[in-house]
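Participant: generate coordinates for the sequence data below:
(chains A and B)
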Amino acid sequence: MAKVAPELQYSEEHEWISREAGNLVSVGISAVATEALGDIVYVDLPEVGATVTAGQTCGEVESTKSVSDIYAPVTGEVTETNPAVVDDPALINSDPYGAGWLFKVAAESEGPLLSAQDYASKNGGEL
Amino acid sequence: MTEKFTALHAEHAQLGASFTDFGGWQMPLKYSSELAEHHAVRTSAGLFDLSHMGEVWVTGADAAAFLDYALVGKISAMAVGKAKYSLICAEDGGIIDDLITYRRPVAADGTDVFLVVPNAGNAQVVAEALATRARGFDVVVTDASAETSLIAVQGPKAQEILLRLVPASQHALLTDLKYYAAVEVEVLIAGAGQQLLLARTGYTGEDGFEIFVANDAAAALWQALIAISEPGELTPAGLASRDSLRLEAGMPLYGNELSRQGDPFAAGLGPVVAVSKEGDFVGKAALVAAKEKGAGVSVGRRLVGLKGLGRRAGRGHYPVLKDGVAIGEVTSGQPSPTLGYPVALAYVDVAHAEPGSALDIDLRGKAEPFEVVALPFYKRQK
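Facilitator: This is a model prediction of the structure:
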């Protein structure tokens, strides 16, 4: 069963957020999503400086089998993207909650988010 | 539709497979990572359960003449022990299935014996079509699909592994076996003697074998193959890697590249159609007309290989564009794990089908550059 990191919050679209200093949040995708996608071979991230809007698509992940949209879980300006996952998208599979993070946003507002508990029970994940 | 399970289902579950529906069967999609399984087949060996494929025996005095009539190839010209890729077409030339026919030694009563192997989703349709077409011929058509399992060992180490299974007295049968040929071997599995039909055929672009075995011995054979392999030498591989492997090898998949609406010439399978063989065969009039018209050569569309110049992959049904105008459609596509760039099979207008032709694939509204290349995308070093 896919692992759900207990310290994070989750969107309905399977993104996670981690709260950093101030209003800064890191964004990634959950192991529930990566297991469903299969091996990820390409990722298209928003540009640094771009504004993303909660609930709207802001990038794509492509696996051997399919393409999926990345939805922004929060609204705000992208301050940083993870160059490691662009070079080696397999990091998103191997360490979705750590080295496989996607981008950081200076959040102005947040979309609806689920606790790890609620997300896990809803999606068959394991805390 | 009722989900069917192969005789190896418990083996897959124990190995932690995730399953998918394929042709009405619950089949392993992958065991861990489909990329790792793909690379294992290219560099060492993969172990596949193909028991969802059909097995239809055709026997009798008219067996060869009957298959010449029922299929598009000249089956009667096959030597005993050989295998042949062919098609079964409808009267209008549409493809009912692509299949492999194995010619086996003559039966005790002196009559010919053939084994026809259709795809899982078409096995019943093919068995029924063969039974219908058999009227007036002295043949018996027996669908053994439900009793027969099929296990493939594919990859550069396939022969080395199988030599450990087969007694030394029969090693030459295996080492001398040519591509697209089959032989019967007697092996000891879990203390019991088993007769296996071992074919040097496959769907991965690598050397390898497909082994026909009775359902009740299939699990023991699967376990024996794993047991005689070194750690990491033989990797159980699911349908996800089977699909990426066959795509790199430029092999068509029924339902993607081949269909009831498609014609063999557009699919690049013209040489498979023996239009000049004597006697009638089902679909002959339509296929002769299509060939004379220049189907897939000077008119209509042709199946081509597309190499991506960027990193994005085309997927089934995405439009293929020339200067923004749709001139074709992708049938299969994904990033090639071996080559490191996206590959696709697509039907495109014959005017744009030559290697070197610069085309785009409409990737969800964004035109991405691709180039027509000769097939296969990947060819193993011999």
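
Participant: nearest spatial neighbour of the residue nearest the centre of chain A, skipping sequence neighbours?
Facilitator: When CA atoms, centre = their mean is applied to chain A, the residue found nearest the centroid is residue A:28 (2.2 Å). Spatially, and ignoring its direct neighbours in sequence, residue A:28 is nearest to residue A:101 (4.5 Å; CB to CB, 6 or more residues apart in numbering or on different chains). Bear in mind the C-beta positions are built from the backbone N, C-alpha and C, glycine included.

Participant: residue B:259 now?
Facilitator: residue B:95 (6.3 Å).

Participant: so who does the one you found touch?
Facilitator: Shown in contact with residue B:95 (CB atoms under 8 Å, 6 or more residues apart in numbering or on different chains): B:87, B:88, B:89, B:254, B:258, B:259, B:260, B:262, B:263, B:264, B:267.

Participant: what is the nearest of those to chain A?
Facilitator: residue B:254 (18.7 Å; CB to the nearest CB).

Participant: what is the closest one paired to in the beta sheet?
Facilitator: Beta-bridge partners for residue B:254, by DSSP bridges, are residue B:258.

Participant: residues near it, how many?
Facilitator: By the measure other CB atoms under 10 Å in any protein chain shown, the count of residues near residue B:254 is 21.

Participant: next up, the contacts around it.
Facilitator: B:95, B:97, B:98, B:119, B:121, B:122.

Participant: make it 6 Å
Facilitator: B:97, B:98, B:119 (CB atoms under 6 Å, 6 or more residues apart in numbering or on different chains).

Participant: roughly how far does residue A:121 sit from residue B:212?
Facilitator: 46 Å (CB to CB, to the nearest Å).

Participant: look at those two and report which has more neighbours.
Facilitator: residue B:212 (24 against 13).

Participant: ok, the more buried one - contacts?
Facilitator: B:148, B:150, B:197.

Participant: the last one is in what secondary structure piece?
Facilitator: Meaning residue B:197. strand B:192-199 (DSSP states H and E).

Participant: next structured bit after that strand?
Facilitator: Taking DSSP H and E, what comes next after strand B:192-199 is strand B:208-214.

Participant: kindly export that following strand (C-alpha atoms) in PDB.
Facilitator: What follows is strand B:208-214, C-alpha atoms only, in PDB (Å, rounded to 0.1, in the frame of the first residue of the first chain):
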ATOM      1  CA  GLY B 208      14.200 -15.800 -26.500                       C
ATOM      2  CA  PHE B 209      11.800 -18.600 -26.100                       C
ATOM      3  CA  GLU B 210       8.100 -19.200 -25.700                       C
ATOM      4  CA  ILE B 211       7.200 -22.400 -23.900                       C
ATOM      5  CA  PHE B 212       3.900 -24.100 -24.200                       C
ATOM      6  CA  VAL B 213       3.000 -26.200 -21.200                       C
ATOM      7  CA  ALA B 214      -0.100 -27.800 -19.800                       C
END
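
Participant: next, the angle strand B:192-199 makes with it.
Facilitator: Calculated by axes from the mean of the first three to the mean of the last three CA atoms, to 10 degrees, strand B:208-214 forms an angle of 130 degrees with strand B:192-199.

Participant: quick one: name whatever helix or strand follows strand B:208-214.
Facilitator: Using DSSP H and E, the first helix or strand after strand B:208-214 is helix B:215-227.

Participant: other SSEs contacting that following helix?
Facilitator: For helix B:215-227, the packing partners by 3 or more CB pairs under 6 Å, 6 or more residues apart in numbering or on different chains; DSSP states H and E come out as strand B:182-189.

Participant: what lines up beside the strand it packs on in the sheet?
Facilitator: strand B:192-199 (antiparallel).

Participant: tell me the secondary structure for the residue lying closest to residue B:105 once chain neighbours are set aside?
Facilitator: In space, and not counting its chain neighbours, residue B:105 is closest to residue B:80: 5.5 Å by CB to CB, 6+ apart. Three-state call for residue B:80 (DSSP: H, G, I helix; E, B strand; the rest coil): coil.

Participant: what about residue B:80, how many residues close to it?
Facilitator: Residue B:80 has 13 nearby residues by other CB under 10 Å.

Participant: before we move on, what about residue A:87?
Facilitator: Residue A:87: 10 neighbours (other CB under 10 Å).

Participant: swap in the one 5 residues further on?
Facilitator: When neighbours are counted by other CB under 10 Å, residue A:92 registers 27.

Participant: over to residue B:138?
Facilitator: Residue B:138, neighbours per other CB under 10 Å, totals 13.

Participant: this completes my enquiry, with thanks.
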